[in-house]
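# Coordinates only, no sequence provided:
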């Protein structure tokens with residue numbers, strides 16, 4: 001009996017292994033994906049809050065021919081079907097596989113697209129051929145058909161070589177087996193009608209090759225989405241003057257799309273797992289964060305995998321350079337590191353317009369990345385103060401690093417003292433306010449009010465005799481204050497509650 005159970009177990013495992021191998025054979029290494037729908041958001045990356053989600057919007061300002069143009073990309077869900085989900089995104093990737101196969105063979109895609117059986121789609125997705133999964137795939141296709149895209153100068157048409165303003169769909173229609181086609185015939189299998197702008201873009205070969213196996217291997221949905229976006233953006237890195245692409249944090253959140261965090265520490269923590277996965281798998285070498293006038297910047301450096309993709313697919317020419325990074329952009333992060341080096345050279349070696357060396361720039365940037373701008377500047381100032389005490393000659397910026405540990409220790413002590421002083425001052429102010437409140441309590445004492453009236457009547461009569469007139473309201477208030485101040489100490493003791 002035990003032997004029989006083991007045989008059944010082995011057979012089951014063999015079946016799983018065969019299915020896995022079959023799935024691996026089905027998955028292509030690269031697929032072609034349309035660039036606009038790679039760059040701009042469409043699918044949600046998480047199920048959280050998906051039932052309430054009905055819209056995603058991306059807004060930006062781009063430069064074209066020395067002019068600034070406002071663009072917007074809005075994805076609106078149908079209330080009945082809901083917003084496109086992470087599962088819908090996986091379904092679309094399978095559709096892209098089918099499109100890729102047709103493009104390779106025919107060099108053109110024509111509506112309707114023959115999808116074949118839903119079983120075939122399940123197999124390509126690597127999921128069980130169950131009734132539930134088949135139903136879910138059909139719902140996904142209907143949901144994508146029902147979702148509307150509104151472009152205001154965002155969607156770039158390679159064919160007409162301009163950005164278009166229009167309302168359209170990724171898919172225009174889906175017809176399942178045994179349903180009626182446009183010509184009145186009954187569908188013998190499942191068919192998909194691609195949206196007109198999407199279809200035109202594909203046939204214009206405005207596509208970018210994606211390493212589909214690598215994309216599927218990424219565990220983080222955010223990492224896989226970053227791979228799509230960065231894969232397009234890295235194509236603009238044609239020289240070493242700017243060896244990275246950068247994003248405004250809020251714009252990046254809109255592109256992914258994910259929730260914008262209010263604090264920098266939370267933003268970094270939220271994206272860290274995705275960044276680490278892309279670094280670990282060789283797509284990125286590093287990620288840098290910085291600030292500019294309250295805005296956060298995120299810089300991505302391509303790794304060996306990204307560089308291989310760029311070299312391998314250089315023949316793919318993107319006509320719309322506006323989707324690519326601004327090559328003339330001088331990084332605000334690098335400029336801060338450069339300013340720090342120049343500040344050091346000017347203060348210590350009295351050198352104006354210093355030509356920063358590459359190593360010094362890297363050292364300064366490393367200091368800013370690790371400790372932040374405030375501490376980095378403090379370390380420099382600390383070294384400028386301490387070096388003359390020991391006649392230490394600091395020719396290059398690297399000498400500053402010798403004082404890092406000591407400077408940070410003193411920085412911490414100073415901050416602790418400042419905090420203690422602030423707390424002491426705060427406590428002192430609170431005590432003074434409390435004392436002032438107690439001191440004024442006697443003013444509302446009924447006995448004092450009666451006695452005050454007597455004092456005030458006497459003072460008003462003296463005023464009238466002296467000035468031959470009645471005092472004004474302001475003058476009466478002044479008389480009251482004179483009474484309070486002149487008799488304050490005695491009255492406090494007498495009427496204090």
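In hand now; what should we look at? Values in this document were obtained by computation on a predicted structure and should not be read as measured data.

# Could you give me the buried positions within the longest helix anywhere in the chain?
Ranked by residue count, the top helix of the chain under DSSP state H comes out as helix 404-440. By 16 or more other C-beta atoms under 10 Å, the buried positions in helix 404-440 come out as 404, 407, 411. Where C-beta positions appear, they are placed from N, C-alpha and C, glycine not excepted.

# what does stretch 388-398 give?
Of the residues in stretch 388-398, 394, 397 count as buried by neighbour count, 16+ other C-beta under 10 Å.

# Rounded mean pLDDT for it, please.
Mean pLDDT, stretch 388-398: 89.

# Off-centre distance for it?
Relative to its parent chain, stretch 388-398 has a centroid offset of 41 Å by C-alpha atoms, centre = their mean, to the nearest Å.

# Please apply the same query to stretch 169-183.
Relative to its chain's centre, stretch 169-183 lies at 37 Å (C-alpha atoms, centre = their mean).

# Show me the contact partners of that stretch.
Outside stretch 169-183, the residues within contact range by C-beta atoms under 8 Å, 6 or more residues apart in numbering are 37, 42, 92, 111-112, 117, 138, 141-142, 144-145, 147-149, 186-196, 198.

# For ChimeraX, what selects the buried ones among those residues?
The ChimeraX selection below is limited to those of those classed as buried (16+ other C-beta under 10 Å):
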select :37,42,92,112,138,141,142,144,145,147,149,190,191,192,193,194,195,198
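
# So which of the contacts of stretch 169-183 belong to strands?
148, 149, 190, 191, 192, 193, 194 (DSSP state E).

# re the thing from before, the following helix or strand past the longest helix of the chain packs against which elements?
With elements assigned by DSSP states H and E, the helix or strand that comes after helix 404-440 is helix 446-467. Applying 3 or more C-beta pairs under 8 Å, 6 or more residues apart in numbering; DSSP states H and E, we find helix 446-467 packed against helix 473-495.

# Let me know the closest of the ones in strands among the contacts of stretch 169-183 to residue 394.
Closest approach to residue 394 among the ones in strands among the contacts of stretch 169-183 (C-beta to C-beta): residue 149, at 57.8 Å.

# List the contacts of that closest one.
Applying C-beta under 8 Å, 6+ apart to residue 149 gives the contacts 42, 73, 74, 75, 76, 155, 167, 168, 169, 170, 195.

# Kindly recompute the last result at 6 Å.
Contact analysis of residue 149 by C-beta atoms under 6 Å, 6 or more residues apart in numbering lists 75, 168.

# which residues does it bridge with?
Applying DSSP bridges to residue 149 yields these beta-bridge partners: residue 75, residue 168.

# For residue 179, see how far away it is.
When distance is defined by C-beta to C-beta, to the nearest Å, residue 149 is 25 Å away from residue 179.

# Output the lowest mean pLDDT helix or strand found in this structure.
Every helix and strand of the chain was ranked by mean pLDDT, DSSP states H and E. The lowest is helix 2-26, at a mean of 49.

# That helix: what's the following helix or strand?
Heading C-terminal from helix 2-26, the first helix or strand you meet, by DSSP H and E, is strand 30-34.

# Give me the mean pLDDT for that next one.
Mean pLDDT, computed over strand 30-34, is 93.

# Can you name every helix or strand that that strand contacts?
On a contact count with 3 or more C-beta pairs under 6 Å, 6 or more residues apart in numbering; DSSP states H and E, strand 30-34 meets helix 86-106, strand 207-211.

# Quick check: which of these is nearest to residue 484?
helix 86-106 (72.4 Å).

# Quick check: buried residues in the closest one?
Under the neighbour-count criterion of 16+ other C-beta under 10 Å, helix 86-106 has 87-100, 103 buried.

# Could you quantify the relative orientation of that helix and strand 190-194 as an angle?
If you take axes from the mean of the first three to the mean of the last three C-alpha atoms, to 10 degrees, helix 86-106 sits at 90 degrees to strand 190-194.

# tell me what helix 86-106 is packed against?
Right, helix 86-106 is packed against strand 30-34, helix 118-125, helix 131-146 by 3+ C-beta pairs under 6 Å, 6+ apart.

# Now the ones you listed in a markdown table, please, with extra columns for distance to residue 419.
What follows is the helices and strands packed on helix 86-106, written out as a markdown table (distance: least, C-beta to C-beta, whole Å):
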| stretch | distance to residue 419 |
| --- | --- |
| strand 30-34 | 53 |
| helix 118-125 | 56 |
| helix 131-146 | 54 |
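
# Deepest-packed of these, please.
Greatest average neighbour count among those goes to strand 30-34 (a mean of 21), per mean count of other C-beta atoms under 10 Å.

# so how far is that strand from its chain's centroid?
In this view, strand 30-34 has its centroid 25 Å away from the chain centroid, taken as C-alpha atoms, centre = their mean.

# Stretch 63-80 too?
Distance of stretch 63-80 from the chain centroid (C-alpha atoms, centre = their mean) equals 18 Å.

# Check which residues of that stretch are buried.
For stretch 63-80, the neighbour count (16+ other C-beta under 10 Å) marks 71, 73, 74, 75, 76, 77 as buried.

# Which pair in the residues you listed has the greatest spatial separation?
71 and 77 (21.1 Å).

# So what's the residue count around residue 451?
Neighbour count for residue 451, taken as other C-beta atoms under 10 Å: 16.

# repeat for the one 4 residues further on
Residue 455 sits with 17 neighbouring residues when counted by other C-beta under 10 Å.

# and it, what does it touch?
Going by C-beta under 6 Å, 6+ apart, residue 455 touches residue 483.

# cool, and residue 129?
Listed by C-beta under 6 Å, 6+ apart, the contact set of residue 129 reads 119, 122.

# please redo it, this time with the cut-off set to 8 Å
Neighbouring residues of residue 129 by C-beta under 8 Å, 6+ apart: 119, 122, 123.

# Please verify my assumption that the first one contacts residue 134.
Yes. Judged on C-beta atoms under 8 Å, residue 119 makes contact with residue 134 at a distance of 7.5 Å.

# Residue 46 - that's part of a strand, no?
No. Per DSSP: H, G, I helix; E, B strand; the rest coil, residue 46 lies outside any strand segment and is coil.

# Relative to residue 223, how far out is residue 300?
Residue 300 is 12 Å from residue 223, where distance means C-beta to C-beta.

# These two: which is more packed in?
More crowded of residue 300 and residue 223, by other C-beta under 10 Å: residue 300, with 26 against 23.

# If anything else comes up later, I'll come back, but that's it for now.
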